[in-house]
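K.L.:
Give the three-dimensional model of this entry:
(one chain, ligands or ions: 1)
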Amino acid sequence: MATIQLDQVEKRFGDYQAVKPMNLTVQDGEFVVLLGPSGCGKTTTLRMISGLEAVSGGKILLNGADITWRHPSERNIAFVFQFYALYPHLSVYDNIAFPLRAERAPRKVVQERVNEVVDLLRIRHLLRMKPGRLSGGDQQRVALARALVRHPAAFLMDEPLGALDAELREVMRSEIKRLHIEHHATTVYVTHDQIEAMAMGDRIVVMSAAEVQQVGTPAEVYHNPANLFVARFIGSPGMNLVTGHCSQGVLHLSNGDQKLPIPAALWSGLAQALQGAEKVIVGFRPEAARLDPQGSLVGEVYAAELQGGYSLLHIAFNGNTIIHIRADREAIYPLGTQVRFGVEPTMLRFFDPTTEKAIR
Ligand code: ATP
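P.N.:
Numbering: from 1, shown residues only. Just a heads-up that it's a prediction; the model follows:
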């Protein structure tokens, strides 16, 4: 059982603010992912929770108890790194048993616990081997087993799949998720890979420039990004963004003469925020747009990529804006072809160009 709370937690390295004051509550049993580009402060945040890094301000609570200044070994939180840090001279069994022996657990308890976790991770056949002979995936399984063996209240994982190739990442991603569903341990997981974050997180904390940009479920951050950073960063490719202004229920796009009517029901909710605003940034996901001979927008095929189940078209439209839309994988779209398309109005999102925040 573990609830982790960060209360105005921040980190400065000299004059450099690596993490601005942040608040976050990770509920018991929740899988929360810290996601953001390199250098945004994810690892530093995780290290503060673990106690490996001292906070510069704020408080960290575990089940309501202040652990801000508690030694890492006394937090009952396990840390799993990208680099497995297994002891090469010890067998897999001894590697997994190591943390229990360090606590002087009785021999019988060590055996029971090691047996339990090797079954959970399906690595019983590796027990006698040395880590150097294992594949990357198996080394990571052993590292996870070693973290699990102490029955920690919570797990912190820092890019644990970062060193694995794409195929193995996918396998281990679902294994960690399965483990979480079975074990239900509170987990904070760091990654810069938004696909991993979407696949694994109950909630995602999107960070950029030392600051939390949005906290939400994968669906929330995908469909309702709080600002332009999240709109661009989540999704591959990110959200299409075009500039325009609205009047009388019509969106007039800048840099051209194209227009997109906004249905009355949607307009009535937005009118006050948008009417008369000099500029607005409109966003929509690639799958919100559809090729349609009756569509109100027109553009030219700039590039087409086959993505497996569908084609991703890059469309140059309205001056020099490039947007992405999904299309039928069977059809052929020669470069330069003129296409008409429409956008599902309920999937339009609006952003203030000055604050870059979503207008709701
Ligand atoms: P990455 O994915 O590259 O690890 P991150 O989001 O985890 O990125 P952090 O490792 O938390 O980022 O680092 C945040 C910022 O703090 C970076 O600019 C980094 O250079 C800086 N930083 C981290 N540790 C220290 C340190 N010990 N001393 C000085 N600056 C540091």
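K.L.:
buried set for stretch 351-360?
P.N.:
Going by neighbour count (16 or more other C-beta atoms under 10 Å), the buried part of stretch 351-360 is 351-352, 358. Where C-beta positions appear, they are placed from N, C-alpha and C, glycine not excepted.
K.L.:
Tell me which residues touch the residue in the stretch 251-360 of the chain positioned nearest to the ligand, please.
P.N.:
Going by C-beta to the nearest ligand atom, the ligand is nearest to residue 356 of the stretch 251-360 of the chain, at 20.3 Å. Residues in contact with residue 356, defined by C-beta atoms under 8 Å, 6 or more residues apart in numbering, are 227-229.
K.L.:
Run a quick neighbour tally on the residue in the stretch 151-300 of the chain that the ligand sits nearest to.
P.N.:
Per C-beta to the nearest ligand atom, residue 192 is where the stretch 151-300 of the chain lies closest to the ligand, at 5.0 Å. Neighbours of residue 192 under the rule other C-beta atoms under 10 Å: 18.
K.L.:
Could you tell me how many residues sit around the closest residue to residue 4 other than its chain neighbours?
P.N.:
Spatial nearest neighbour of residue 4, chain neighbours left out: residue 26 (4.3 Å); criterion: C-beta to C-beta, 6 or more residues apart in numbering. Counted with other C-beta under 10 Å, the neighbours of residue 26 add up to 22.
K.L.:
oh, and call the first residue 2 from now on, that's how I've got it
P.N.:
All right, first residue 2 from here; so that's residue 27.
K.L.:
Now do the same for residue 27: its pLDDT.
P.N.:
pLDDT for residue 27: 98.
K.L.:
Can you list the helices and strands that the strand or helix carrying residue 243 packs against?
P.N.:
Element membership for residue 243, per DSSP states H and E: strand 241-248. Judged by 3 or more C-beta pairs under 8 Å, 6 or more residues apart in numbering; DSSP states H and E, the packing partners of strand 241-248 are helix 229-234, strand 251-254, strand 281-285, strand 322-328.
K.L.:
ok, is the first one in contact with the ligand or not?
P.N.:
No - if you take C-beta under 6 Å from any ligand atom as the test, helix 229-234 misses the ligand, and the best it gets is 12.7 Å.
K.L.:
Touching that helix from outside, list them.
P.N.:
Identification of contacts with helix 229-234 by C-beta under 8 Å, 6+ apart yields 37-38, 195, 207, 209, 214-215, 222, 226, 239-240, 242, 282, 284, 350, 352, 357.
K.L.:
Repeat that for the longest one.
P.N.:
Counting by C-beta under 8 Å, 6+ apart, strand 322-328 makes contact with 238, 241, 243, 256, 287-288, 290-292, 300, 303, 305, 311-318, 334, 342, all of which sit outside it.
K.L.:
same check, this time on the second one
P.N.:
Applying C-beta under 8 Å, 6+ apart, the external contacts of strand 251-254 come out as 243-247, 259-263, 281, 283, 319, 349.
K.L.:
Report the rounded mean pLDDT for it.
P.N.:
pLDDT averaged over strand 251-254 gives 86.
K.L.:
Tell me who's in contact with the residue positioned nearest the centre of the chain.
P.N.:
Centroid-nearest residue in the chain, with C-alpha atoms, centre = their mean: residue 198, separated by 3.1 Å. Contacts were defined as C-beta under 8 Å, 6+ apart; by that measure residue 198 touches 34, 36, 192, 205, 219.
K.L.:
one step back: filter the contacts of helix 229-234 down to the buried ones.
P.N.:
37, 195, 207, 209, 214-215, 222, 226, 239-240, 242, 282, 284, 350, 352.
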